[in-house]
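Undergrad: Provide a 3D model corresponding to the input given below.
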Amino acid sequence: MERQNKEESTGSKGFGLQMAQGLARWGKRGTAGASAPSSSYCYKMATWNARSLFQPGKMANVLQEMNRMSIDVMGISETFWEREGEFMTSIPGSNEKFRVIYSGGLKRRRGVGMILRENVGKSVLNYQLISDRIMVVRVKAEPVNLLIIQAYAPCEDAEEEEKDGFYEAMDQVISQSRKGRECLIVMGDFNGKVGNIKDDDIVGPYGLGTRNDNGQYLVDYCKRHNLFVTNTWFQQKC
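TA: As a prediction, the model looks like this:
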């Protein structure tokens, strides 16, 4: 399903937080800690596994964390919300408003979503709600537009057929959605470890653990689309 930007509906949904991985394509990446291209304003993005936004109070906690960390766009995995849609919400006792777009299934499991500050939400050109594991949002930006994919991959012990199907769908999303010069950002919970050994321009020296099966799926995906795993190219704060 693809939707153009429209008048947002109002509503509310009533997240522990856990940092997940993000991928991006700015071009070649060969030096750990190298900076992204400069611009007058850079959107600050994050992606977290919520392990359910269905519980009362979790959304308020997430919005407060976004405010505290000055995050403009947050991708969410495991919303546990049914079906799909969007709504506007705000931090209790504050004038800060956020646009929430989500893609779920018929049951309260899995689910992906994206929370955007009001000013960013107004810059959304269109979005596609693919499944309870994949969604795409296109944002008008300078010097190029952003194509943001939020994903939630099958777990490490899932059947190989399910993993293959997920990454085939992810390949198709890029081939069908990407238009001209856009900054492609793929973020979410890929349920894998890419390891702590530098691998060409894809995996940097600051990864964690030993690469597992899901990690290899992710690295292969990056190779196919000229992406790099962003959070392996800088040391993260404890």
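
Undergrad: drop to CA atoms for contacts and neighbour counts, all remaining ones
TA: Will do.

Undergrad: Now do the helix ranked longest in the chain, average pLDDT.
TA: Longest helix of the chain, by residue count under DSSP state H: helix 160-177. Averaged over helix 160-177, pLDDT sits at 96.

Undergrad: What is that helix packed up against?
TA: helix 213-225 (3 or more C-alpha pairs under 8 Å, 6 or more residues apart in numbering; DSSP states H and E).

Undergrad: Figure out how far the longest helix of the chain is from the centre of its chain.
TA: 16 Å (C-alpha atoms, centre = their mean, to the nearest Å).

Undergrad: what comes up buried for it?
TA: Neighbour-count burial for helix 160-177 flags K163, F166, Y167, A169, M170, V173, I174 (criterion: 16 or more other C-alpha atoms under 10 Å).

Undergrad: now stretch 99-119
TA: So stretch 99-119, judged by 16+ other C-alpha under 10 Å, has buried residues 99-105, 109-118.

Undergrad: gap between D157 and V194?
TA: 16 Å (C-alpha to C-alpha, to the nearest Å).

Undergrad: So for these two, which residue has more residues nearby?
TA: V194 (26 against 10; other C-alpha atoms under 10 Å).

Undergrad: and that one, what does it touch?
TA: V203, G207, L208, G209, T210, R211, N212, G215, Q216, L218, V219 (C-alpha atoms under 8 Å, 6 or more residues apart in numbering).

Undergrad: follow-up on the earlier one: contact partners of the longest helix of the chain?
TA: Applying C-alpha under 8 Å, 6+ apart, the set of residues contacting helix 160-177 is I134, A153, P154, Y217, Y221.

Undergrad: Now tabulate those residues in a markdown table and tack on neighbour count.
TA: Shown next, in a markdown table, are the contacts of helix 160-177 (neighbours: other C-alpha atoms under 10 Å):
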| residue | neighbour count |
| --- | --- |
| I134 | 25 |
| A153 | 22 |
| P154 | 22 |
| Y217 | 17 |
| Y221 | 17 |
